[in-house]
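Return atomic coordinates for the entry below.
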Amino acid sequence: GLYNYLPFGLKAVQKVERIVREEMNRSGAFEVQMTMVTPSELWKESGRWELMTEMCKFKDKRDSEICLSPTNEEAVVEIMRKSIKSYKNLPVNLYQINTKFRDEIRPRFGLMRAREFLMKDAYSFHLDQDCLNQTYQKMYDAYERILKRIGLEYVAVIADAGAMAGPEQQTHEFQVVANTGEDEIAYCEKTGYGANIEKASSIRNTEDLKQINKSEQKLELVATPGMATIRDVCEFLKVPQVQSLKSLVYFDETNEKFFLILTLGDDELNEIKLKAAIQSLEVRPARDAELDHLGLPKGFIGPVGISDKVEVLYDSCVDLDAFYAVGGMKEDMHYTGFSPNRDGQTPCRVADVRLTKQGDLTSDGKGVIAIKRGIEVGHIFQLGDKYTKSMDFTVLDQNGKAVPPLMGCYGVGVSRVVAASIEQNHDENGIIWPASIAPAQIHFVAISKSEESTKICDEIYTQLLDSGWEVIYDDRKAGPGFKFKDADLLGLPIQLVFGERDFAKDGMLEIRERKSGKVHKISRDEILEKMTEIYKDLV
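From the prediction side, this is the model:
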């Protein structure tokens, strides 16, 4: 999880930095630089010293506890409480581009999940929610400009704040669309809706719901030998999975309660939604020993006759007056004709706890959800007064009352953007760099053996440099195939090819566009004009 940057990688990182810095400055933020090492006292004030498991902690020669900063909320609050005393000094938005360290147990995916990484983190301070909302929107707009300037296909999605902020605060992720992404995002191009799959809200396709059985049925216990999965049971009963209910038992660790969660048979449970529905900070599937203690036979659990120690919760897609197949509460047995309002615990508790899936309708019914994979490169949060209150930072408001300011937090993974751009832009031959962050603009491939041809190539290279172009000059003593393969692998936007034989024959060079594969034949005198024309279309 530790990586060195070689010349090409470093140049790309620096170009991302430049774009990020320009857009942050444009949005009214001020650049600072905080120390990478921070003292334990600040983290203990906020209560995160023991909670942050990925923090790398150690002691210095004075036996003081310190850490490598994984993030800087505490550090920036310390700066602000020493500097700001009045509402008249707000709002303020400070940002830095700095190294972070998170001691991941299993770093993976290269720069996607490295332990040390380069990050732009910004922190804003406000007297009231309206002011925070305005800056939050400015940051949202700045992030869109950053990703558009880089040239990446992205989706801004509603996200889960996790431990960073409360559920009432806004938070969005900026996901670069890529088949190798570790996140799933629900997206509708027509309506513009986007959400991390854990936070996505949608409506099941009405054609699927038409299959639910609403004709009166008797509750009947039937033998289903060895059939502990929804698929097996439905095939045996010759009914679609939507006519069955999936039973999942979860333990609410916050309130120390067991829940039986019932969803339609072809749906999956969304644990994030479940936490919100039952107002829990942490939930987990019930353990086998707990199921045995509650008298719940694994694979055949259902709501009929269930212990009053278990609260039953139905997903909102379940029609409480329809009829379903459910677990029979006995091994190798299932009920058919189960109707929640007639046969289950009443009143029925209902909440949206299903995982959104491909083909669902958007919540307004105007679009269809597509599921894409994405790489999170940016995340913005509204933190409220979580850190200012815990660290006793207050300012005087208009009435002279001491109040904790509200905060926003805005992060961009600078090194991760570079990795994500490659994941989105490549082919079987190598990288296809977006022109805005390419390590150089032109890959000049010189295929020459004679001193005369080499002299011409040197002159062309110098001419390009003098005209302000960034050029990689391949003048190695190697064959054309070898050089072309490397040029495609490195993926600069434009390849300029000098072929000794072709130039001697007709005085022409080739320009190859890496992304489109287009080839342009040009004379030496046309190089600068044609380069400018092509590059305008690439950025």
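
Any buried residues in the longest strand along the chain, and which?
Longest strand in the chain, counting residues (DSSP state E): strand 370-384. When neighbours are counted by 16 or more other CB atoms under 10 Å, the buried residues of strand 370-384 are found to be 372-384. Quick note: C-beta positions are derived from backbone N, CA and C, even for glycine.

list the contacts for residue 156?
With contacts taken as CB atoms under 8 Å, 6 or more residues apart in numbering, residue 156 has the following neighbours: 140, 143, 144, 172, 173, 174, 175, 194.

In strands, which of the residues you listed appear?
Counting by DSSP E, these place 172, 173, 174, 175, 194 in strands.

Nearest residue to residue 331 in space, please, no chain neighbours.
Once its chain neighbours are removed from consideration, residue 331 has its nearest residue in residue 297; the separation is 5.1 Å (CB to CB, 6 or more residues apart in numbering).

Surely that neighbour forms part of a strand?
No: note on residue 297: no strand contains this position according to DSSP: H, G, I helix; E, B strand; the rest coil, which reports coil.

hang on, the earlier thing: most surrounded residue in the ones in strands among the contacts of residue 156?
residue 175 (30 neighbours; other CB atoms under 10 Å).

Okay, and the beta partners of that residue?
With DSSP bridges as the criterion, the beta-bridge partners of residue 175 are residue 155, residue 376.

what about residue 454, how many neighbours?
For residue 454, the count of nearby residues is 15 (other CB under 10 Å).

how close does residue 509 get to residue 480?
The spacing between residue 509 and residue 480, counted by CB to CB, to the nearest Å, is 14 Å.

From residue 71, how far off is residue 250?
Residue 250 sits at a distance of 30 Å from residue 71 (criterion: CB to CB).

Which residue of these two possesses the greater neighbour count?
Shown here are residue 250 and residue 71; by other CB under 10 Å, residue 250 has more neighbours (23 against 20).

can you list the residues that contact the helix or strand in which that one is found?
Taking DSSP states H and E as the definition, one finds residue 250 inside strand 245-252. Contact with strand 245-252 is made by 230, 257-265, 267, 269, 271, 274, 278, 280, 282-287, 290-291, 294, 296, 301-303, 310, 318, 324-327, 338, as judged by CB under 8 Å, 6+ apart.

Export it to CSV, keeping only CA atoms.
As requested, C-alpha coordinates have been extracted for strand 245-252 and formatted as CSV (Å, rounded to 0.1, in the frame of the first residue of the first chain):
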residue,chain,number,x,y,z
LEU,A,245,-41.0,-13.6,1.1
LYS,A,246,-37.4,-13.8,2.1
SER,A,247,-36.8,-14.0,5.8
LEU,A,248,-33.7,-12.5,7.4
VAL,A,249,-33.0,-12.2,11.1
TYR,A,250,-30.9,-9.3,12.3
PHE,A,251,-29.7,-8.1,15.7
ASP,A,252,-29.9,-4.4,16.5
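
what's the following helix or strand after that strand?
strand 257-264.

from the chain's centre, how far out does the next helix or strand after that next one sit?
Scanning forward in sequence from strand 257-264, with DSSP H and E defining helices and strands, the next element found is helix 271-278. Taking CA atoms, centre = their mean, to the nearest Å, one finds helix 271-278 lying 20 Å from the centre of the chain it belongs to.

Tell me the strands beside the following helix or strand past helix 271-278, with direction?
Note on helix 271-278: by DSSP H and E, the next helix or strand toward the C-terminus is strand 283-285. For strand 283-285, the paired strands and their directions (DSSP bridges) read strand 245-252 (antiparallel).
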